[in-house]
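> Sequence first, predicted coordinates after that:
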Amino acid sequence: MIINLPVALTFDIEKDCSPFLNTTRGIEVGLPKILRLLEKYDIECTFFITGDVADLFPHHVRQIAERHEVSSHGYIHETFEKMTLPKKKRIRKSKQVLERVSNQVVIGFRAPRFRTSKELYETLIEVGFKYDSSVACFTPNFLFKTNFPEFRVQLPSALINFPKGVEIYSTMCRLITFPVLFFHCWEAVDTRSLLTSADVNSAYSRGLRPDLWVNTGKVFLEKLEALIRRLLDSGLHFTTLHDVFVSSS
């Protein structure tokens, strides 16, 4: 049995299936279910939250901050492969809003859709962030190199919802020195139910992939709990990226 090795469970908090939908059921309905599940197993996590969500749902963000780490996911759910002055200003704004609402010092950042640039990291240093988690092994940027402290994400969130997903996740967590897992709060609601039949067709034409709705809602929560139990039974323990960064600094 693996004894006392760390694993980070992280969640991105944004509007539903961004940029395909503009609803907030994941925040209003999915997030409370996730928080209850984490409380059940006494787990602390890192939540990457967009600043506009903090402005719209300050009570939800404060609930997260009571137990978990609050980090930035930008002010709106936009990508950063090309930086502009307005984007830089919104990154700064996200940190300010999240710190005001959560009463935490926000040191972590994750770029939406894992799209980054050299200029993004320059901005993060300038604004005062201490670590990043925007490089994923399943995206084209997995070879991206930076001197900025980086917590790489190893597996796509939707994988857990497909056959053998829990088994793949638990196996990978045993093979990786420090696995960083990520999910979305909207995965805890039935995202397909948010769309009418006509909307589904139009969404497909805009690129709404099946992994954005397959087995979301109740099935996702069941699979997430099964994964948590497997990892705990294997001797792993959950931690925040903040705590790992501080202990390694």
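That came through fine. Numbers count the residues shown, from 1 in each chain.
> neighbours of the nearest residue to residue 176 once chain neighbours are set aside, just the number please.
Leaving aside its sequence neighbours, residue 176 sits nearest to residue 154 (C-beta to C-beta, 6 or more residues apart in numbering; 5.9 Å). The C-beta positions use only the backbone N, C-alpha and C, and glycine is treated the same way. Counted with other C-beta atoms under 10 Å, residues neighbouring residue 154 total 18.
> can you tell me which residues contact residue 154?
The contact partners of residue 154, by C-beta atoms under 8 Å, 6 or more residues apart in numbering, come to 136-138, 172, 176, 179-181.
> Please pull out the lowest mean pLDDT helix or strand from the protein.
helix 197-205 (a mean of 50; mean pLDDT, DSSP states H and E).
> Residue 145: neighbouring residues, count only.
Residue 145: 8 neighbours (other C-beta under 10 Å).
> pretty sure it is in a helix, no?
No. Counting by DSSP: H, G, I helix; E, B strand; the rest coil, residue 145 falls outside a helix, being coil.
> Run through this protein and note the low-pLDDT ranges.
Confidence mapping of the chain against pLDDT under 70 gives the ranges 1-4, 195-209.
> all strands in it, in order from the N-terminus.
Listed in chain order, the strands of the chain (DSSP state E) span 6-13, 46-49, 69-72, 108-109, 131-132, 180-184, 237-239.
> immediately after the first one, which helix or strand?
The helix or strand immediately downstream of strand 6-13 is helix 25, counting by DSSP states H and E.
> Just the buried positions in stretch 235-249, please.
236, 238-242, 244-245 (16 or more other C-beta atoms under 10 Å).
> In helices, which of these fall?
Of these, the ones assigned to helices by DSSP state H are 241-242, 244-245.
> Which of these sits closest to residue 67?
Nearest to residue 67 out of those is residue 242 (C-beta to C-beta; 12.6 Å).
> which pair in the ones in helices among the buried residues of stretch 235-249 spans the largest distance?
Pairwise distances across those (C-beta to C-beta) peak at 7.4 Å, for the pair 242 and 244.
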